[in-house]
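Visitor: Here's my sequence, what's the structure:
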Amino acid sequence: MKKKYKINLHILETCNFKCRQCFSKFGTEKLLPVKDWEKIVDNCIAGADVAEFNIAGGEPMLYPGLMELVQYIRDKGVKVSLITNGSMMDEEWIKNYAVMYETIGFSVDSINDETNRKIGRCDRNGKTIPAGRIVELCGLIRKYAPGCRIKINTVVSALNKDEVMSDFIDEIAADRWKILRMKPFQYGNFSNLDIQVSNEEFERFVERNREKNKEKMEKQEEKEAGKEVRAGAEAGMETARRKIVVEPDMKASYVLIDSNGCLLDNAVDEMTPVAVCDCLREDFADGLRRLTLDRERYEARYSDSLS
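Guide: Purely as a prediction, here's the structure:
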């Protein structure tokens, strides 16, 4: 059986926030035009059994051709998901476009405004996205696109390692909560080495939130167990059990194309990934063969997308 892939497209590095935890630093401010990304999509589909493209950034909603690219991928019969900070999303956008996505994921590292400012999860004027706004956006997605899954990504650093977010996750009723240990990196003058967390600190964050959320999750899962479809999912999508996914590191477990259009390999040094394929000019299948990929970890991470 041909192996399936979920491919992360980091369509731009530009973002309206300056989060110190963010690893999407590819050394470019340029934007590839939509037609180039369409060529990359075609190259990927020709070279692999692509189950889903995950569109990320930077902040992907800043990309002027986002919905044109999403429609192009959907027309190829491939699912699309989105990772966003939510700052540019409103009811009108959700009403018109959320239904086009398999999953919409929000990056939420803290529910405390001051902590978010320290992280850099704010605009140049220090304006953050309150936790209540994310709750509101998720409610609108449930209303207008009930078949769309909701995911929360949380990156743990020294700035938020003592936080308890389980009540927030429960309020959203997220289908998936991904907890990642911050990737340490240093690009030129940009460094986050001073806010690293130890293995023990990361594990304490996970266990603290897991225990707080465990009882509520069990009750919710029992409630959902008797349902064949998620509430409101008239399209017939199978119920997705909410779960916590823990990622202490990212080595050899992502298929990631950066904003230059290059397939990156981070197996040797997570701080400085190496380009193994220019997906605009080289054959993606050849690049995939050169990519170091821990298939077991990869499939565990994307079990819901690769099935």
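Visitor: Where do the strands of this protein begin and end?
Guide: 4-10, 49-56, 79-84, 103-107, 149-156, 176-181, 186-187, 190-191, 243-247, 256-257, 262-265, 274-278 (DSSP state E).
Visitor: export the ones you listed to a markdown table and tack on mean neighbour count and distance to residue 69?
Guide: In short, each C-beta sits where N, CA and C put it, glycine included. Putting the strands of the chain into a markdown table (neighbours: other CB atoms under 10 Å; distance: least, CB to CB, whole Å) gives the following:
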| stretch | mean neighbour count | distance to residue 69 |
| --- | --- | --- |
| strand 4-10 | 21 | 8 |
| strand 49-56 | 21 | 7 |
| strand 79-84 | 21 | 9 |
| strand 103-107 | 22 | 16 |
| strand 149-156 | 23 | 20 |
| strand 176-181 | 22 | 23 |
| strand 186-187 | 12 | 26 |
| strand 190-191 | 12 | 27 |
| strand 243-247 | 17 | 26 |
| strand 256-257 | 24 | 13 |
| strand 262-265 | 23 | 18 |
| strand 274-278 | 18 | 19 |
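Visitor: will you turn the ones you listed into JSON lines that also has mean pLDDT and distance to residue 42?
Guide: Formatted as JSON lines, the strands of the chain follow (pLDDT from 0 to 100; distance: least, CB to CB, whole Å):
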{"stretch": "strand 4-10", "mean pLDDT": "96", "distance to residue 42": "12"}
{"stretch": "strand 49-56", "mean pLDDT": "97", "distance to residue 42": "10"}
{"stretch": "strand 79-84", "mean pLDDT": "98", "distance to residue 42": "15"}
{"stretch": "strand 103-107", "mean pLDDT": "98", "distance to residue 42": "23"}
{"stretch": "strand 149-156", "mean pLDDT": "97", "distance to residue 42": "26"}
{"stretch": "strand 176-181", "mean pLDDT": "94", "distance to residue 42": "29"}
{"stretch": "strand 186-187", "mean pLDDT": "71", "distance to residue 42": "30"}
{"stretch": "strand 190-191", "mean pLDDT": "80", "distance to residue 42": "33"}
{"stretch": "strand 243-247", "mean pLDDT": "86", "distance to residue 42": "30"}
{"stretch": "strand 256-257", "mean pLDDT": "95", "distance to residue 42": "13"}
{"stretch": "strand 262-265", "mean pLDDT": "94", "distance to residue 42": "15"}
{"stretch": "strand 274-278", "mean pLDDT": "94", "distance to residue 42": "14"}
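Visitor: Output these as TSV; include the columns distance to residue 302.
Guide: Output for the strands of the chain, formatted as TSV (distance: least, CB to CB, whole Å):
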stretch	distance to residue 302
strand 4-10	5
strand 49-56	8
strand 79-84	10
strand 103-107	11
strand 149-156	12
strand 176-181	11
strand 186-187	27
strand 190-191	29
strand 243-247	10
strand 256-257	13
strand 262-265	17
strand 274-278	20
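Visitor: Ok, which of these comes nearest residue 132?
Guide: strand 103-107 (12.9 Å; CB to CB).
Visitor: With only the CA atoms kept, save the closest one in PDB.
Guide: Extracted as PDB, the C-alpha positions of strand 103-107 are listed here (Å, rounded to 0.1, in the frame of the first residue of the first chain):
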ATOM      1  CA  THR A 103      -9.400  21.500  10.300                       C
ATOM      2  CA  ILE A 104      -8.800  25.000  11.500                       C
ATOM      3  CA  GLY A 105      -6.100  25.300  14.100                       C
ATOM      4  CA  PHE A 106      -5.400  28.200  16.400                       C
ATOM      5  CA  SER A 107      -2.000  28.900  18.000                       C
END
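Visitor: That one: partners in the sheet, and parallel or antiparallel?
Guide: strand 79-84 (parallel), strand 149-156 (parallel) (DSSP bridges).
Visitor: if we can go back for a sec, what's the closest of the strands of the chain to residue 143?
Guide: strand 149-156 (12.1 Å).
Visitor: Pull the residues that contact that closest one.
Guide: Contacts of strand 149-156 with the rest of the structure, by CB atoms under 8 Å, 6 or more residues apart in numbering, involve 19, 21-22, 81, 83, 102-109, 138, 141-142, 160, 165, 169, 172-182, 197, 201-202, 205-206, 240, 304.
Visitor: Run through the bridge partners of residue 265.
Guide: Applying DSSP bridges to residue 265, the residues it is bridged with are residue 274.
Visitor: Fine by me, we can end here.
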